[in-house]
Every structure is written in structure tokens, then in C-alpha cells.
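Enquirer: how would this look folded up:
(chains A and B)
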Amino acid sequence: MMRVTTMFLIMTRTRSGSFYGRARLLAVAALCFCFLPIFASAADLHPPATVEAGQAFSIPVQGSGEATFYLVGPDHIVKRTVKLGGDLEIQSGEVSSAGRYQAILCDSSCTFASFQVNAAQPAHLSFFLHPSRVPVSTPNSIDATAFVFDRYFNLVLTPAVVDFRITPASGAGFSQRVPTHHGVAWMRTSSTAHEGRVQVTAVVGSVEEARVVQQVAAEACRLNVRAVPSGKMIALETDPVRDCSGNALPDGTVVSFTTIDSAGKSTVDTPIKKGIARTEISVHGRAHVSVACGVIEGNEIAVNGRL
Amino acid sequence: MKGIADITVALKKNSRPFVSVFGFVFAVCALSVAQAPPQVHLDAEGLAPRPIEELTGTTIARHYALAWRDLAGALDSNNARGLGEEFVGFAKDRLAKRIAQQSQSGLHVRIVDHGHQLKALFYSTDGASMQLVDHAQLEIQTYDGSKLIDTQNTPHEYMILMTPGADRWYVRDLEEVSAKP
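Expert: As a prediction, this is how the structure comes out:
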């Protein structure tokens, strides 16, 4: 205000020669001085443009007197009376959620400023492995997706590298390093040749999350049936049912025996037990027997039935 | 519905039936417009690693619009129950916490929603999650009691994580990021 008054005095000397003119200008200056507090706006706020989640900081505020400070965030609202001319302290817990925050300072009028809170360092992984069971030796059959979060469960949007470590039950493990894009990393891999448990671990920094996928035998391979006389019946029995990688198909897998004789066509479905499917049939005259498991057909044999 | 009932009771006092009926229809329309979900346009072109089915896209846009309608209503009324069933997980927890603190502080927020341009970024191969970015045109007015203390009329950008449920897609995470001008 000293500057304003001085300026008016200079103006009176240069532009107004009369005493009355000078007095009039002084009166106007005084009037401005009196009304200044009414029209004054709240002090400007200058928070940092970006802040890391959970980091306390301060916002310097000029001026004097008291004002009401508001902080409006994604999950936190602050309203408190503050003294101007110092620093507004923002506690770490007040900025734990990532997002846009509004800092508002009101006395006779309000000023505001916004700042961005970004996620902190990776601290949690949300890891999905799909599917839970997969046939062996199937290309691109395992999908892994990892969402990277900080300790406040904000999605970490700054790029990070997720290391997917694949550890089969037998054989050597391997890994794929995948950079995150918008906080997400995903990869696709093929199942290995041997059945059993495969552990996939997603690692980012010191954070690890492990999931397991069970590799199971694929479709049967070289399905073979043989006929053995069994009293008045004929016993049909497969060789141990395995896939092309030599993994035994699990017990309970259904094998179908189809018989075509003079009486017509009949089919018997029987589950594998201890690796072998077995059934007994009666045939009329000469018959053809075939075997199938899923979409795989085995050999066909001819038998002479007994009446 | 309470609002409609109040207006109806008030109109019953009016002796002119035509005016009453007209007024009732107007009131219902006005309230319907107020509760209408905002415009949401979904762009899922080039989505990876799984392409989006048309029905899924429609469902996501519809439920995202409903989520914003519920969000705006809940922030204005400071009633967390107004969040409805469109939010789950972190998104719901954070909004519920914010509404509780708004209510404590005597603040409320009014959102004038001018629409959302959704862009699908990631759709997991098992169909269990989708990440999207929303370029929203919002006018956000912050009130302390009845005093308007701040108005923001700038573009907003949100990163969203949605997951499917039995009959809808839920908003699981909603974070505002720095909007690109």
C-alpha cells in the first residue's frame, strides 16, 4: 500500500498542480486502501504439480489472517481453518489415493489449485493365471495377467517390468520379462510336454505372486484294443492309454468300444481304471470291434462270436 | 420417487385437472432427465489380447454410464447407498469413504456430466477383466453447504478397471489421471 500511496503522490505532482486536485487523488487512494480487504482474494496456492502417493508435503501460502482450507481427493476430504503466511501441511494419509486433488483456500473469496497424486512403488500384484488345467504340449494355452499396484492399491501406471517365471514339475524352467502398459503386463505361453504341476510366479521388484496350473495328458495317442475270450463273453481291453508325449490319461476318462455284428451296432462307454479301459461283450457271429477315446479312434479288430 | 410423490400431493391442491396432469407429467419427465445416465461412447478398436464381443461392448457402456449416474447422485446427496450396484472393490471403498468424509465436512459435489469417450485398452484372454481409459467432459462444482467454493470445467481422464459379474460389468477401479489437453 505504501507503493500505491507513493504512486498517487507522484501522480499529483506531475498531473495535478492544484492543492484540491492533489487532495482528491489522495482521498481516492485512501478509499482504495479501505476497501482493499473486502475485494482481496485468498492467497494463491502453489502445490507441486505431482506428488507420490503417501508422501507428506507442504503448500506455502502467503498473506495473513485465517482462511478455510479444503482438500478434495478421490477418497479423502479435508476441511480445516489455517493461518495464512505459513505452510499448509498435507499429511501422508491425506494423499494416499492416486488421482486428481483440488486444494481450495477460502477467506472472503476462494482460490484453488489442483495437483496429481501418482502411485508409489509397486508393492502388490494382482495375478491371474488361466486356465487352471491345461493339456500338455498345447501351443499358447497358458495366459498370465498381472496388475501392478502400490502399497495403497493404486494402479502403478509408470512402466515396470514383470518377470513371469515358469517352473514345471519336471524339466528346466524359463521366464519371460514383460513391461507393463498402463499398469498391466500379460504373457502367453505353451504348456510343456509332461503332465503335472506348473508354477508360474510373477515378480516385480521384491514382490512375488505365484499361481499353479495343472498340466494334464492330452488326447490319447495310438489307442489299441485287443480281444480276450472270457467264458461265454469276449473281454475287450486297451493297452495303457497314453497321449503322444507318453503321459497316462487320467482314470475316469471315457473310452468307447463299438461292436458291429449280425445283431447290429452297440456301443459300450467305460472309464479308464488304472490306465486301462476294459469291458466284456457278447457277439453274434462274426463281429468288428473298434475303440475310440474323445476324438481319437484306435484300431479295429475282427472277432468270432459264440452263440 | 419421493420427489414425484411430493409434487403430486402439491398438484392435487390445484383445482384445474388439466394443469395437474400436465404438471405431473412435467415433474416425472424432469426427474427422469435428472436421473438419466450420461452419454458413453465406447471405442474398442484394436483391443488386445482378446477382441470384444458386440454385446459385451454394449453392456460395458451401459453399466459404465449407470455407474456415473449413481456416482454423481451419491456425491451430490452424500449418500453412499446411492452408489448402487455398479461399483465393487477399491472403487466402491474409496467412494464410500469419500462420501462419508464429505458428509462430515458439510461438503457436497455436483457433477454436470457432458459425456464420456471410453477407449478399451486391455481385455484379458479369459474375459475376466477389462481396462479402459475415459476422456470425460465434466463440470464439477464443489459446495460447502450451499456455498459454491470451486468449479472445475476441464477435461478429465480416468483409468478404469471393469470386471464381469453375473449380469453386468462392475467398475472395480476408477482413478483420475492427468488429462491430456
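Enquirer: residues of chain B that sit close to chain A?
Expert: Counting by C-beta under 8 Å from any C-beta of the partner chain, chain B comes close to chain A at B:49, B:90, B:93-95, B:97-98, B:101-102, B:104-107, B:109, B:121-122, B:124-126, B:128-129, B:131, B:133, B:142, B:144, B:149-150, B:152, B:156, B:159, B:161, B:173, B:175-178. Quick note: C-beta positions are derived from backbone N, CA and C, even for glycine.
Enquirer: can you do 7 Å?
Expert: B:49, B:90, B:94, B:97-98, B:101-102, B:105, B:107, B:121-122, B:124-126, B:128, B:131, B:142, B:149-150, B:152, B:159, B:173, B:175-178 (C-beta under 7 Å from any C-beta of the partner chain).
Enquirer: on contacts alone, who are the packing partners of the longest strand seen in chain B?
Expert: Secondary structure of chain B read by DSSP state E shows that its longest strand is strand B:107-123. Counting contacts by 3 or more C-beta pairs under 7 Å, 6 or more residues apart in numbering or on different chains; DSSP states H and E, strand B:107-123 packs against strand B:40-43, helix B:54-77, strand B:130-144.
Enquirer: run through who's touching that strand.
Expert: Taking contacts as C-beta atoms under 7 Å, 6 or more residues apart in numbering or on different chains, the residues outside strand B:107-123 that touch it are A:77, A:79, A:182, A:184, B:38-44, B:47, B:50, B:52, B:61, B:64, B:68, B:72, B:75-76, B:78, B:102, B:130-144.
Enquirer: give me the low-pLDDT residue ranges for chain B?
Expert: B:1-34, B:179-181 (pLDDT under 70).
Enquirer: tell me the domain ranges of it?
Expert: B:1-35, B:38-177 (automatic domain parsing).
Enquirer: nearest to A:Ala220, of those domains?
Expert: domain B:38-177 (27.0 Å; C-beta to C-beta).
Enquirer: how much space between the residue nearest to the spatial centre of chain B and chain A?
Expert: Centroid-nearest residue in chain B, with C-alpha atoms, centre = their mean: B:Trp68, separated by 1.2 Å. Note on B:Trp68: its distance to chain A, by C-beta to the nearest C-beta, to the nearest Å, is 15 Å.
Enquirer: how about that residue, nearest residue that isn't a chain neighbour?
Expert: Once flanking residues are discounted, B:Trp68 sits nearest to B:Pro38: 5.3 Å by C-beta to C-beta, 6 or more residues apart in numbering or on different chains.
Enquirer: can you check A:Glu89 too?
Expert: Closest to A:Glu89 by C-beta to C-beta, 6+ apart is A:Ser58, at 5.2 Å.
Enquirer: surely A:Glu209 touches A:Val203?
Expert: No - between A:Glu209 and A:Val203 there is no contact under C-beta atoms under 7 Å: 8.1 Å.
Enquirer: just the helices in chain A please.
Expert: Along chain A, counting by DSSP state H, helices occupy A:2-15, A:19-39.
Enquirer: which residue is nearest the middle of chain A?
Expert: For chain A, by C-alpha atoms, centre = their mean, the most central residue is A:Phe147; offset 2.6 Å.
Enquirer: who's B:Glu157 bridged to?
Expert: B:His135, B:Val177 (DSSP bridges).
Enquirer: how about B:Ala100, what does it touch?
Expert: By C-beta under 7 Å, 6+ apart, the neighbours of B:Ala100 are B:Ala80.
Enquirer: and it, which helix or strand is it part of?
Expert: Taking DSSP states H and E as the criterion, B:Ala100 maps to helix B:89-105.
Enquirer: pull the CA atoms of that helix into PDB?
Expert: As requested, the backbone C-alpha atoms of helix B:89-105 are provided in PDB (Å, rounded to 0.1, in the frame of the first residue of the first chain):
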ATOM      1  CA  GLY B  89     -13.800 -53.400  -4.700                       C
ATOM      2  CA  PHE B  90     -11.400 -50.400  -4.500                       C
ATOM      3  CA  ALA B  91     -13.600 -48.100  -6.400                       C
ATOM      4  CA  LYS B  92     -16.600 -48.700  -4.100                       C
ATOM      5  CA  ASP B  93     -14.500 -48.500  -0.900                       C
ATOM      6  CA  ARG B  94     -12.900 -45.200  -2.000                       C
ATOM      7  CA  LEU B  95     -16.100 -43.600  -3.000                       C
ATOM      8  CA  ALA B  96     -17.900 -44.700   0.200                       C
ATOM      9  CA  LYS B  97     -15.000 -43.300   2.200                       C
ATOM     10  CA  ARG B  98     -15.100 -40.000   0.300                       C
ATOM     11  CA  ILE B  99     -18.800 -39.600   0.700                       C
ATOM     12  CA  ALA B 100     -18.600 -40.200   4.400                       C
ATOM     13  CA  GLN B 101     -15.900 -37.500   4.700                       C
ATOM     14  CA  GLN B 102     -17.800 -35.200   2.500                       C
ATOM     15  CA  SER B 103     -20.800 -35.600   4.700                       C
ATOM     16  CA  GLN B 104     -18.700 -35.000   7.900                       C
ATOM     17  CA  SER B 105     -17.200 -31.800   6.400                       C
END
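Enquirer: restricted to buried residues, select the contacts of strand B:107-123 in PyMOL.
Expert: Selection command for PyMOL covering only the buried members of the contacts of strand B:107-123, criterion 16 or more other C-beta atoms under 10 Å in any protein chain shown:
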select buried, (chain A and resi 77+79+182+184) or (chain B and resi 38+40+42+44+47+52+61+64+68+72+75+76+78+102+130+131+132+133+134+135+136+137+138+140+141+142+143+144)
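Enquirer: just to revisit the earlier point, quick one: which of the domains of chain B is nearest A:Phe112?
Expert: domain B:38-177 (4.9 Å).
Enquirer: do me a favour and get the end-to-end distance for that closest one?
Expert: Length of domain B:38-177, first residue to last, C-alpha to C-alpha, to the nearest Å: 20 Å.
Enquirer: so A:Tyr101 bridges to which residues?
Expert: A:Phe115.
Enquirer: wait, it touches A:Ala113, no?
Expert: No - using C-beta under 7 Å, A:Tyr101 makes no contact with A:Ala113, being 9.3 Å away.
Enquirer: who has more neighbours, these two?
Expert: A:Tyr101 (23 against 16; other C-beta atoms under 10 Å in any protein chain shown).
Enquirer: can you give me the pLDDT of A:Gly231?
Expert: For A:Gly231, the pLDDT comes out at 78.
Enquirer: cool, and A:Ser41?
Expert: A:Ser41 is given a pLDDT of 49.
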